[in-house]
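Novice: what's the 3D shape of this:
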Amino acid sequence: MPSRNHLDKIGRKKKKKWTEEAMERALVEVKSGRCTVRQAAKEFAVPKSSLGDRVSGRVTPGSRSGPAQLITSADEEMLVEFSLHMSKHGFPLTKQQLVSFASSIYKRQHRRVAFSKLGQTWWLNFRKRQENNISIQPADGVVRGRTPCVRKEAVDQFFHLLRAVMDPQGLRGKPHRIFNCNETGFQLGRKRLIGPKSASLGYKPTQGLRDHISVLACFSAAGEDMPPFIIYSKAYPGGVCYKTQGPPGALYGWSDSGCVNSDLFKKWFLKHFLAHAPRERPLLLIFDGHKSPVSLEVVEAARKEDVTLLCLPPHCSHILQPLDAGLFALLRQRFAALAGDGSASDTHFAVSKKEFSGVFKATYEVAKEEHGVRTVKEGFCKCGIYPLNHFAIEEGHIMPVHSMGPEAGPSLSTLTVGDNSVTETST
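Specialist: Just a heads-up that it's a prediction; the model follows:
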């Protein structure tokens, strides 16, 4: 992996000492027959070999020197504009995310070429090409992890973004166009029982299950729901009963962890959310995008469909996420009662992977009942999202600026393009 200093040295050695205007004038003189290639190169102070390449047609006049760009200048400008759009809506891109998006663009342009992810060399060259627009700023020292109190600046910035989206689009009085999607998890496993040793029983006890299943739910501020997205760990259950017994219209997927990831979120948004969303536009979708970064395809589709994606600030979802504020606790309570566990505070539920969708179908019915709809609306109200109310957040959850602790973990730097930010871990 080349270092930044190494690339800078190479750039200094190969820096052009001639201009394109001089090369064009020399080319005109040669083609008119007034000078030979050698005479024109000497007169206009341009390399003879480069001029000869243009005269013979091996190099197109006006083409850039050096290695070919992996993505075109137009696509690179689009990438910068895309990161600007993301930053304005609460999704400041990390270096890894930006390189990943650039790799997606490259893959779409070179479908027949063996795909190789763009690496450190491309990133350093990208930064060099954008040095007139990009400045490096230190990130603020924020203690990582969810805390009882969150930064006041983060909450203020979120409500500023929310107001900047809702007011121009006229969403203040249209709760059916404001959506929140969020994920909740269920750990399946039989409870441990205290009993005599297995030798005296004559058989070995059944091993507890370790299956994790997540449910991605989406509700509007009016209390209206979309069918849930059920995500299994490692693989689907055997057979098709999990689909026939599950909630009507539900979407199913799986991942190694049993949690939503970027690919699953893309599947949900493109094939599920847009299919069930109201036809009225614009729409607003609020979610925690830091857990499952959105893909380039999702952002492109959202802009085409007039859906604004608004990301919750990191470590603030427990006070700004409407579904966290009430409905999920109600769902877990109902699920525990149906599973026979008796308590929603249990971390494991005595339900098998095949049985889950059927039990959750009965659980999810509470969301359509009057009590469930009211709970969803109260969640939006408690978080100050609808009706829009910055002061709905309790002051006890807000951390004053002067009480912020020291920075934890590696230091971060922020690359800023106007209002755009890209975070990069310092080495």
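Novice: low-confidence bits of the stretch 301-427 of the chain, can you list those?
Specialist: By pLDDT under 70, the weakly predicted segments of the stretch 301-427 of the chain are 341-348, 396-427.
Novice: let's see 90
Specialist: 311-319, 325-326, 336-352, 390-427 (pLDDT under 90).
Novice: tell me where the stretch 101-250 of the chain has strands.
Specialist: 135-138, 150-151, 178-188, 211-220, 225-233 (DSSP state E, counting those that start in this stretch).
Novice: roughly how far does the nearest residue to residue 391 once chain neighbours are set aside sit from residue 53?
Specialist: Leaving aside its sequence neighbours, residue 391 sits nearest to residue 384 (CB to CB, 6 or more residues apart in numbering; 7.2 Å). Any C-beta I mention is one placed from the backbone N, CA and C, and that applies to glycine too. Residue 384 sits 64 Å away from residue 53, going by CB to CB, to the nearest Å.
Novice: tell me where the model's unsure across the stretch 51-200 of the chain.
Specialist: 51-157, 187-200.
Novice: what ranges do the helices span in it?
Specialist: Applying DSSP state H, counting those that start in this stretch to the stretch 51-200 of the chain gives helices spanning 73-88, 95-109, 120-129, 152-169, 198-201.
Novice: let me have those in a markdown table, extended by mean neighbour count and distance to residue 357.
Specialist: Shown next, in a markdown table, are the helices of the stretch 51-200 of the chain (neighbours: other CB atoms under 10 Å; distance: least, CB to CB, whole Å):
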| stretch | mean neighbour count | distance to residue 357 |
| --- | --- | --- |
| helix 73-88 | 17 | 34 |
| helix 95-109 | 18 | 32 |
| helix 120-129 | 16 | 43 |
| helix 152-169 | 16 | 34 |
| helix 198-201 | 9 | 32 |
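Novice: out of the ones you listed, flag the one nearest residue 260.
Specialist: Taking CB to CB, helix 95-109 is the member of these nearest to residue 260, at 16.3 Å.
Novice: starting at the chain centroid, how far to that closest one?
Specialist: On the basis of CA atoms, centre = their mean, to the nearest Å, helix 95-109 sits 13 Å off its chain's mean C-alpha point.
Novice: make CSV from the helices of the stretch 51-200 of the chain and add distance to residue 336 to it.
Specialist: Compiled in CSV, the helices of the stretch 51-200 of the chain are given as follows (distance: least, CB to CB, whole Å):
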stretch, distance to residue 336
helix 73-88, 38
helix 95-109, 37
helix 120-129, 48
helix 152-169, 32
helix 198-201, 28
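Novice: tell me which of the ones you listed lies nearest to residue 377.
Specialist: Using CB to CB, the helices of the stretch 51-200 of the chain put helix 152-169 closest to residue 377, at 16.8 Å.
Novice: angle of the closest one against helix 73-88?
Specialist: On the basis of axes from the mean of the first three to the mean of the last three CA atoms, to 10 degrees, helix 152-169 is oriented at 110 degrees to helix 73-88.
Novice: quick one: list the elements packing against helix 152-169.
Specialist: For helix 152-169, the packing partners by 3 or more CB pairs under 8 Å, 6 or more residues apart in numbering; DSSP states H and E come out as strand 283-287, strand 307-311, helix 317-320, strand 398-399.
Novice: how does it look with 10 Å?
Specialist: helix 73-88, strand 178-188, strand 283-287, strand 307-311, helix 317-320, strand 398-399 (3 or more CB pairs under 10 Å, 6 or more residues apart in numbering; DSSP states H and E).
Novice: possible to save those as a markdown table with distance to residue 361?
Specialist: Shown next, in a markdown table, are the helices and strands packed on helix 152-169 (distance: least, CB to CB, whole Å):
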| stretch | distance to residue 361 |
| --- | --- |
| helix 73-88 | 36 |
| strand 178-188 | 14 |
| strand 283-287 | 24 |
| strand 307-311 | 28 |
| helix 317-320 | 26 |
| strand 398-399 | 39 |
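Novice: how about these, which one is nearest residue 337?
Specialist: Across those, residue 337 has its closest neighbour in strand 178-188 (13.8 Å, CB to CB).
Novice: for the closest one, C-alpha coordinates in CSV please.
Specialist: Listed next in CSV are the C-alpha coordinates belonging to strand 178-188 (Å, rounded to 0.1, in the frame of the first residue of the first chain):
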residue,chain,number,x,y,z
ILE,A,178,-43.7,10.9,7.9
PHE,A,179,-42.2,7.5,8.5
ASN,A,180,-39.8,5.9,11.0
CYS,A,181,-38.3,2.5,10.5
ASN,A,182,-36.4,0.7,13.2
GLU,A,183,-35.1,-2.7,14.1
THR,A,184,-35.7,-4.8,17.2
GLY,A,185,-34.2,-8.1,18.0
PHE,A,186,-35.3,-11.4,19.5
GLN,A,187,-32.9,-14.0,21.0
LEU,A,188,-34.4,-17.4,20.8
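Novice: show me how far that strand is from its chain's centre.
Specialist: With CA atoms, centre = their mean, you get 16 Å for strand 178-188.
Novice: who does it pair up with?
Specialist: strand 211-220 (antiparallel), strand 283-287 (parallel), strand 348-349 (parallel) (DSSP bridges).
Novice: most packed of these?
Specialist: strand 283-287 (a mean of 24; mean count of other CB atoms under 10 Å).
Novice: outline the domain layout of this structure.
Specialist: Split into domains by automatic domain parsing, the chain comes to 4-56, 73-142+419-425, 150-191+206-400.
Novice: would you mind finding the most buried of these?
Specialist: Of the domains of the chain, domain 150-191+206-400 is the most buried (mean count of other CB under 10 Å), at a mean of 18.
Novice: just how off-centre is it within its chain?
Specialist: Taking mean C-alpha positions (CA atoms, centre = their mean), domain 150-191+206-400 and its chain are 15 Å apart.
Novice: that older thread, so the residue nearest to residue 391 sits against residue 319, correct?
Specialist: Yes. Contact status for residue 384 versus residue 319: in contact at 9.3 Å, counting by CB atoms under 10 Å.
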